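Asks: Need the 3D shape of this:
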Amino acid sequence: MPDASNPTPPLPRSDAPFRRLLKMLRPYRLWIGLAIVLLFLSIPCELFPAFIWQYVTDDLILKNISQPSGLAWMISFRGRLGGSMTLLFSALGWLVAIYCAGEIIGTCSTIVLQWATQKFIYILRNTVYNKLQSQSLGYLQRQRTGDLMSRVMGDVDELQSFIVNSIDTIIGDGALWLVTVGVVMWKSWRVASLSLAPLIIVFVMLRIFNRKIMPLYAAARAANGEVSTRLQENLSGIVVIKIFGREKNEAARFDAATLDYYNNQVRAIRARNIFFPLSRAVGFFSNVFMIGYGGYLILRYPHGSFTVGTLVLFRAYWYRLFGPVQTLARVNDWVQKAKAAAKRIFDVLDAPDELPDAPDAVAATNIAGRIELRDVTFQYPIEIPGRPQPAVLHDVNVRIEPGQTIALCGPSGAGKSTILNLILRFYDPASGQVLLDGRDLRSLRRDSFRSHLALVQQETFLFNDSVLDNIRYGHQNATQDQVIAAAKAANAHNFITRLPSGYSTKVGERGVRLSGGQKQRLSIARAFLANPTILLLDEPTSSVEPDSEAAIIAALHRLMTGRTTILTSHRPSLVQQADYAYVIEDGRITQQGPPTTLALEGGWFANFLRAADDEPQSPRTASPAGSTSDAPSAVSSPGDSSINRSIV
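Replies: Alright, predicted model coming up:
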């Protein structure tokens with residue numbers, strides 16, 4: 001059986017999506033081959049009833065007029081049965097038996113084929129997902145989330161519908177049509193040729209239809225992605241929409257997106273509704289030619305080779321001859337839809353990895369935590385061709401020793417978070433190097449060195465899962481006791497125990513059931529449990545309520561102890577805990593040194609501290625030991641090493 005654990009192998013770029021799909025189906029060729037063999041075995045069973053009709057007509061009803069059909073030896077069991085009624089019942093028995101055999105064989109074929117194609121779709125969907133997961137942050141930020149979701153779900157579903165419902169139809173009906181053409185040509189090539197002549201018109205119409213319909217389906221798939229994008233953005237930003245009373249405006253924008261999708265669908269429906277009736281009309285005229293010319297031969301040559309039974313056989317096969325033509329029209333419609341969907345899927349699969357590991361990249365082991373940015377210049381990837389993005393960092397040099405805490409300070413938009421992104425290798429610098437223990441990050445495997453880092457963000461992201469699973473997201477094998485120890489260290493245990501189901505409480509989508517401070521403390525607990533060598537703090541207290549800030553700062557102090565820490569913050573209480581600070585303005589380092597030294601030098605840093613001193617005292621500046629803290633009394637000091645021992 002195909003192994004679902006093995007991803008579909010990468011394929012070269014190609015403009016022929018179905019050729020690529022066939023290559024991707026190779027691991028399933030034995031099962032698909034078995035299904036096709038069973039399908040071919042069922043074809044004689046499909047054609048057999050017409051021979052019975054001919055036999056009953058010529059041999060039993062018109063036996064004094066026409067000649068035997070050749071089935072008498074089988075129907076009569078080689079002459080053992082006699083009498084018209086006996087032979088009629090025997091013929092009916094053969095009809096039922098062959099029908100049942102055909103149904104059983106056809107059902108087995110369908111089961112095998114659908115199993116193989118469903119397995120293929122399962123792996124394809126995961127391949128697309130894994131491709132998106134492996135892409136750089138820059139690539140993902142340039143895409144629309146709703147459109148990517150549409151490709152992973154809607155477009156893959158379109159391919160699933162095509163493969164599951166169409167392959168057996170294309171192969172089965174195609175083979176059945178060829179065999180049927182062979183039979184009618186054998187019976188009477190003149191009548192068959194005249195009956196099949198209108199097919200030429202159908203194929204010409206089909207080519208015209210394809211040229212018209214393909215752009216419409218491509219536009220419809222793109223419009224569907226836009227609808228998904230609008231829906232995803234509106235649901236994610238519903239609070240902002242309601243606050244500013246923009247419901248009607250967003251409804252109008254969503255209406256515009258759905259109207260575009262509707263218009264493309266209507267144009268496609270209009271094209272289908274013109275093509276399908278015309279193809280049916282052509283098929284009807286083939287029926288007229290068949291009956292007209294066949295009737296003429298019977299009347300003109302009553303004792304000729306073309307008998308009434310032969311005409312009955314032709315009439316029985318008329319659907320087999322032109323039913324596939326009608327099916328072909330529908331299958332062609334499916335093909336064009338699937339082609340548009342496949343192109344969008346392969347656009348994702350073909351997108352190059354913007355941050356690949358070097359061919360000789362090695363695993364990061366025995367990390368001490370020394371980080372250096374050496375002559376780093378960086379600009380974000382180009383979004384508009386021909387319009388280069390301005391540099392956001394210029395010749396930046398930063399050095400952090402193992403166990404040292406440094407603060408990145410400066411006005412908003414100066415490039416502080418960009419430095420964190422470079423350390424995480426979400427981006428590569430345009431020039432210069434980012435070094436970890438003296439090795440360029442590009443020479444290390446991304447998954448290995450990131451396992452030594454933890455990030456506490458300004459906007460905490462929580463999954464719609466339990467508190468327990470969110471905390472141990474970075475350490476899946478952590479025990480319950482380790483999770484609780486991490487929660488206590490993060491000053492989160494007390495509020496967790498007050499939740500309806502404690503650690504089993506579902507936090508809702510993006511943690512909607514928790515306050516900002518509670519979410520941040522879960523993020524800190526997650527970092528504690530990961531036990532990183534290097535800790536990155538990106539404005540960790542900027543989005544929390546005043547009552548939680550003291551508890552969060554106390555937890556952060558414990559988390560920073562003994563680790564290489566890089567923090568960005570507009571809170572002097574955090575910045576002044578750093579061993580060294582860098583001031584970044586307009587992408588350049590303008591000041592650096594210990595915070596106490598920078599406070600005496602003047603410049604941006606001194607103004608930053610002075611502005612904070614001028615603000616009125618609030619709960620945000622309360623001592624970590626204040627009553628609002630959720631810290632457990634068992635914690636004697638922020639640097640208590642027993643916390644880490646209990647977690648690890």
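Asks: got the residue ranges for the strands in the stretch 251-400 of the chain?
Replies: 371-378, 393-400 (DSSP state E, counting those that start in this stretch).
Asks: how far out from the middle of the chain is the first one?
Replies: Computed by CA atoms, centre = their mean, to the nearest Å, the separation of strand 371-378 from the middle of its chain amounts to 35 Å.
Asks: Mind checking the pLDDT average for it?
Replies: Across strand 371-378, pLDDT averages out at 92.
Asks: neighbouring strands for that strand, and are they parallel or not?
Replies: Strand 371-378 has its sheet partners listed here by DSSP bridges as strand 393-400 (antiparallel), strand 431-436 (antiparallel).
Asks: ok, and what's touching the longest one?
Replies: Contact with strand 393-400 is made by 369-378, 406, 415, 418-419, 422, 429, 432, 564, 566, 580, 582, 584, 586-589, as judged by CB atoms under 8 Å, 6 or more residues apart in numbering. Where you see a C-beta, it was placed from the backbone N, CA and C, and this is true even at glycine.
Asks: if we go to 7 Å?
Replies: 370-378, 406, 415, 418-419, 564, 566, 582, 587-589 (CB atoms under 7 Å, 6 or more residues apart in numbering).
Asks: What distance do you get for Arg19 to Ala342?
Replies: Arg19 sits 10 Å away from Ala342, going by CB to CB, to the nearest Å.
Asks: So for the two, which residue has more residues nearby?
Replies: Legend: neighbour count by other CB atoms under 10 Å for Arg19 and Ala342, higher for Ala342 (23 against 11).
Asks: Looks to me like Ala454 is in a strand.
Replies: Yes. Membership of Ala454 in a strand is supported by DSSP: H, G, I helix; E, B strand; the rest coil.
Asks: For it, give me the pLDDT.
Replies: For Ala454, the predicted pLDDT is 86.
Asks: Tell me if I'm right that it and Pro532 touch.
Replies: Yes. Taking contacts as CB atoms under 7 Å, Ala454 lies within contact range of Pro532: 3.8 Å.
Asks: Looking at the strands of the stretch 251-400 of the chain, spot the one closest to Phe463.
Replies: With CB to CB, the closest approach to Phe463 among these belongs to strand 371-378: 28.8 Å.
Asks: Name the residues that touch that closest one?
Replies: So strand 371-378 is contacted by 391-400, 418-419, 422-423, 427, 429-436, 534, 564 (CB under 7 Å, 6+ apart).
Asks: Mind checking which of those residues are buried?
Replies: Using 16 or more other CB atoms under 10 Å as the burial test, the contacts of strand 371-378 include 391-394, 396, 398, 400, 418-419, 422-423, 427, 429, 432-436, 534, 564 as buried.
Asks: What is the distance between stretch 327-345 and the centre of its chain?
Replies: For stretch 327-345, the distance to the chain centre is 19 Å (CA atoms, centre = their mean).
Asks: what comes into contact with that stretch?
Replies: Residues outside stretch 327-345 that contact it (CB under 7 Å, 6+ apart) are 17, 21, 128, 151, 155-156, 158-159, 162, 166, 169-170, 173, 206, 210, 213-214, 217-218, 221, 272, 275-276, 279.
Asks: And stretch 526-535, by the same measure?
Replies: By CB under 7 Å, 6+ apart, the residues outside stretch 526-535 that reach it are 367, 369, 371, 452-454, 456, 470-475, 478, 482-483, 486, 489-490, 559-560, 563-565, 644, 647-648.
Asks: on that earlier part again, Phe306 is nearest to which of the strands paired with strand 371-378?
Replies: Closest approach to Phe306 among these (CB to CB): strand 431-436, 84.9 Å.
Asks: so what strands line up beside the helix or strand just after that closest one?
Replies: The first helix or strand that comes after strand 431-436 along the chain, using DSSP states H and E, is strand 439-440. Partners of strand 439-440 in the sheet, by DSSP bridges, are strand 431-436 (antiparallel).
Asks: pLDDT of the partner strand, averaged?
Replies: Per-residue scores along strand 431-436 average to 91.
Asks: Then stretch 337-345?
Replies: 83.
Asks: do stretch 191-201 as well
Replies: Rounded mean pLDDT across stretch 191-201 is 76.
Asks: Please compute how far it lies from its chain's middle.
Replies: Using CA atoms, centre = their mean, the offset of stretch 191-201 from its chain centre is 45 Å.
Asks: cool, stretch 345-358 as well?
Replies: On CA atoms, centre = their mean, the centre of stretch 345-358 falls 14 Å from that of its chain.
Asks: got the buried residues for it?
Replies: Ile345, Phe346, Val348, Leu349, Leu355, Asp357.
Asks: before we move on, what about stretch 359-376?
Replies: Ala361, Ala364, Ile367, Gly369, Arg370, Ile371, Glu372, Leu373, Val376.
Asks: Format those as TSV; extra columns: distance to Leu297.
Replies: What follows is these, written out as TSV (distance: CB to CB, whole Å):
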residue	distance to Leu297
Ala361	78
Ala364	85
Ile367	90
Gly369	94
Arg370	95
Ile371	92
Glu372	94
Leu373	91
Val376	88
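Asks: dump the residue contacts of the most centrally placed residue in the chain.
Replies: Nearest to the mean C-alpha position of the chain, by CA atoms, centre = their mean, lies Val152 at 2.5 Å. Listed by CB under 7 Å, 6+ apart, the contact set of Val152 reads Arg125, Val128, Tyr129.
Asks: Among these, which one lies nearest to Tyr55?
Replies: Arg125 (50.9 Å).
Asks: can you count the residues close to the closest one?
Replies: Neighbours around Arg125, by other CB under 10 Å: 18.
Asks: That one reaches Val156, doesn't it?
Replies: Yes. Counting by CB under 7 Å, Arg125 does reach Val156; the two are 4.8 Å apart.
Asks: okay, Val396: pLDDT?
Replies: So Val396 comes in at 91 (pLDDT).
Asks: helices or strands next to the lengthiest helix in the chain in the packing?
Replies: In the chain, taking DSSP state H as the definition, the longest helix is helix 247-300. On a contact count with 3 or more CB pairs under 7 Å, 6 or more residues apart in numbering; DSSP states H and E, helix 247-300 meets helix 189-196, helix 199-236, helix 308-350.
Asks: got TSV for those, with distance to Ala97 too?
Replies: Below are the helices and strands packed on helix 247-300 laid out as TSV (distance: least, CB to CB, whole Å):
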stretch	distance to Ala97
helix 189-196	29
helix 199-236	33
helix 308-350	18
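Asks: Lovely, talk soon.
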